[in-house]
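Novice: just need the structure, nothing else, for what follows:
(chains A and B)
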Amino acid sequence: MTAPVLVLSGVTRDHVQGDVTVHALRGVDLVVRPGELVAVMGPSGSGKSTLLHVAGGLDTPTSGRVLVEERDLATLSVAQVAAVRRRSVGYVFQDLNLLPSLSALENVALPLELDGARGGMARRAARDALDEVGVGHLAGRFPDEMSGGQQQRVAIARALVGPRRLLLADEPTGALDSTTGEEVLRVLRARCEAGAAGVLVTHEARHAAWADRVVFLRDGVVVDQSGPVAAAESLLPAGGAG
Amino acid sequence: MSTWLVRWRLALRIARRDALRSRGRTVLVLLMVGLPVLTVVTADTLFRTGEVSAVEALPTTLGAADARIEGVARSPIETDPLSGDPLVYEPDDDVPAWSAAEVLDRLPGGSVIAERTVGRLAYRTGHGYADVEAYADDLRRPIRDGAADVLAGRTPRTDGEVAVSLGVADRGVAVGDTMEVTAEDVALTVVGIVRAGAGGPERFLVVSPEDADLLRRPRTEFFVSVPGELAWPAVRELNEQGLAVVSRPVVEDPPPGEEVASGYSAEGMGSAQLAVLALVVTGVVLEVVLMAGPAFAVGLRRQRRDLALLAAAGAAPPTSAAPCWRPASSSAVAPQRRARCWASGWRGSPSR
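Specialist: Reported below is the predicted structural model:
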């Protein structure tokens, strides 16, 4: 079996606000392997977004270990964690994923340029990534010249440009209509089948159906892990985003 | 190309694009920051351009002489090396005036001396008397070359003649006119119009040495040419005898401050001028901060998402803060803004 791209082991994350401590994550274990798309579902405030932030090194766990491509983020400096994000991890958020002052091509090339890649090389890799998600013809457009679905595709291209193999998507279809949302998820699924590892936070069961596995969070605890969706919806209280 | 350079090019590209996308805001911020700075720079430039340094004023001060000497006292004095003004001396009205021969005796052999009398002279105008600076001076002497430009006519050669400065001529005096001076209305013929060089007075009269007795509050200055030069030690020796000296080599290369009595201001602004300038600059900086601060604050909110996106894409804190320099990197508040920008943008993902 191939080595996992992402491992969360006993991860907790507490937010202290004055005298109140909020336990956003409590002992979460998660393994994501190449080619696998894992959906994370749960009610609002269950810790879904926190899990993504911790997984990508944007946030630090209170305890537990986070390994990205076998590197323990706790042992790395701030600069080294930033380097992990440039080389291994890509984020896709609900909307406004792209820097408005950069073209699609430049947005996708961003992590490579931040990593010091020469402009020509970065742009070639970015164009390949755009072609892979079917929006190569939009390379020269700026975000305000693209539809929401096109922007999300560009964001997926950026998340997986160059050597990056871990895609962390936080409600990537939340701002899209259902048809466009399905198209974006299809692209996401295709990229995972091509070898990437993906974690998809969503509160819609039909979107989770695109995943290989579904992890259910409630109050920061993984209450169940299952195959796609249908049986698991009973574990969720009525709807809500995390 | 180094990684550092690649990252900075990226940051500058983002900053430039953002500045161009929000042209109105960019222009507003540039104006708010640039206008006060431009005002201060312009005022300072004009102030310094209008000021004449002691070196620049040397032709007016000395003419072709090596030094100007004035008998201030008969006891040791200390003087400002640039202006010759006495800083430390014991005033005594009964001190006998220095004669040219006495001064010459204290200079190296072969020195040449010429004297002029400086005082005040009132001349009659259509509205009364105008009181101006006056010199009883023979400007034809080679040692006085360069002290003033003759714009029309000539300089006085004998008693009963006067040359007026351009500032006086502009008030309706012309060559050939008769000018009545002193309360006794002594008639002098205007023979020329002259102009002092840089640093000289604007309105003055020049009469011949024979008419020196017309001047009120007269004092005598001696212009000397010496073999070699009157360096600072020689000036100090003359100071010891009560002679105030402006010497060309000393003005061109002033002694260190510790060798001069307190009160010596050297070149540039005095402490009072400096304090006023500091006050003005502080006020302008305060204005910039108060006016530009809100503009930056508004921009900061817009940039938080950009910074968070950069952080999510793998930018380390210094890189993600770099676009915060836009659009007015010369601003005095930029470092503060940059710190706040980084702090607010780095701490959180765009999804928050």
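Novice: low-confidence regions, chain A specifically.
Specialist: By pLDDT under 70, the weakly predicted segments of chain A are A:1, A:227-242.
Novice: is the residue nearest to B:Glu221 when sequence neighbours are not counted bridged to anything, and to what?
Specialist: Distances taken as Cβ to Cβ, 6 or more residues apart in numbering or on different chains place B:Glu70 nearest to B:Glu221, at 5.0 Å, with adjacent residues excluded. Bear in mind the C-beta positions are built from the backbone N, C-alpha and C, glycine included. With DSSP bridges as the criterion, B:Glu70 is bridged to B:Glu221, B:Ala244.
Novice: now swap in A:Val199 and tell me
Specialist: Assigned bridge partners for A:Val199, using DSSP bridges, are A:Val38, A:Leu168.
Novice: ok, it touching A:His53?
Specialist: No - using Cβ atoms under 8 Å, A:Val199 is not in contact with A:His53; the gap is 11.3 Å.
Novice: which one of these two has more residues nearby?
Specialist: Neighbour comparison, A:Val199 and A:His53: the larger count goes to A:Val199, with 27 against 24 (by other Cβ atoms under 10 Å in any protein chain shown).
Novice: how about the more buried one, what does it touch?
Specialist: Residues in contact with A:Val199 (Cβ atoms under 8 Å, 6 or more residues apart in numbering or on different chains) are A:6, A:30, A:32, A:37-40, A:51-52, A:55, A:166-169.
Novice: could you dump those residues to JSON lines with neighbour count and distance to B:Gly160?
Specialist: Putting the contacts of A:Val199 into JSON lines (neighbours: other Cβ atoms under 10 Å in any protein chain shown; distance: Cβ to Cβ, whole Å) gives the following:
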{"residue": "A:Leu6", "neighbour count": "24", "distance to B:Gly160": "109"}
{"residue": "A:Leu30", "neighbour count": "21", "distance to B:Gly160": "113"}
{"residue": "A:Val32", "neighbour count": "25", "distance to B:Gly160": "112"}
{"residue": "A:Leu37", "neighbour count": "23", "distance to B:Gly160": "113"}
{"residue": "A:Val38", "neighbour count": "22", "distance to B:Gly160": "113"}
{"residue": "A:Ala39", "neighbour count": "27", "distance to B:Gly160": "114"}
{"residue": "A:Val40", "neighbour count": "30", "distance to B:Gly160": "111"}
{"residue": "A:Leu51", "neighbour count": "30", "distance to B:Gly160": "107"}
{"residue": "A:Leu52", "neighbour count": "26", "distance to B:Gly160": "103"}
{"residue": "A:Ala55", "neighbour count": "27", "distance to B:Gly160": "105"}
{"residue": "A:Leu166", "neighbour count": "25", "distance to B:Gly160": "105"}
{"residue": "A:Leu167", "neighbour count": "27", "distance to B:Gly160": "105"}
{"residue": "A:Leu168", "neighbour count": "29", "distance to B:Gly160": "103"}
{"residue": "A:Ala169", "neighbour count": "28", "distance to B:Gly160": "105"}
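Novice: closest to B:Pro294 out of these?
Specialist: Closest approach to B:Pro294 among the contacts of A:Val199 (Cβ to Cβ): A:Leu52, at 34.9 Å.
Novice: now do the SS call for the closest one.
Specialist: What DSSP: H, G, I helix; E, B strand; the rest coil gives for A:Leu52 is helix.
Novice: which bits of chain A sit near chain B?
Specialist: Listed as neighbours of chain B in chain A under the rule Cβ under 8 Å from any Cβ of the partner chain: A:49, A:53, A:56, A:58, A:78-79, A:82-87, A:89, A:91, A:93-94, A:96-102, A:106, A:110-111, A:113-119, A:158, A:170-171.
Novice: show me the helices in chain B, by range?
Specialist: For chain B, the helices defined by DSSP state H occupy B:3-21, B:23-50, B:58-62, B:100-105, B:166-169, B:232-240, B:248-252, B:271-312, B:317-321, B:334-346.
Novice: what is the nearest of the contacts of A:Val199 to chain B?
Specialist: Closest to chain B out of the contacts of A:Val199 is A:Leu52 (8.1 Å), distances taken as Cβ to the nearest Cβ.
Novice: who touches the residue lying closest to the closest one once chain neighbours are set aside in this structure?
Specialist: Spatial nearest neighbour of A:Leu52, chain neighbours left out: A:Leu168 (4.8 Å); criterion: Cβ to Cβ, 6+ apart. Counting by Cβ under 8 Å, 6+ apart, A:Leu168 touches A:52, A:55-56, A:89-92, A:159, A:198-199.
Novice: do you know how far the residue nearest to B:Glu221 is from B:Glu133?
Specialist: 15 Å (Cβ to Cβ, to the nearest Å).
Novice: any idea of the pLDDT on B:Ser349?
Specialist: Looking at B:Ser349, its pLDDT reads 45.
Novice: tell me how far the residue nearest to the spatial centre of chain B lies from chain A.
Specialist: Residue closest to the average C-alpha location in chain B (Cα atoms, centre = their mean): B:Glu51, at 2.8 Å. For B:Glu51, the distance to chain A (Cβ to the nearest Cβ, to the nearest Å) stands at 47 Å.
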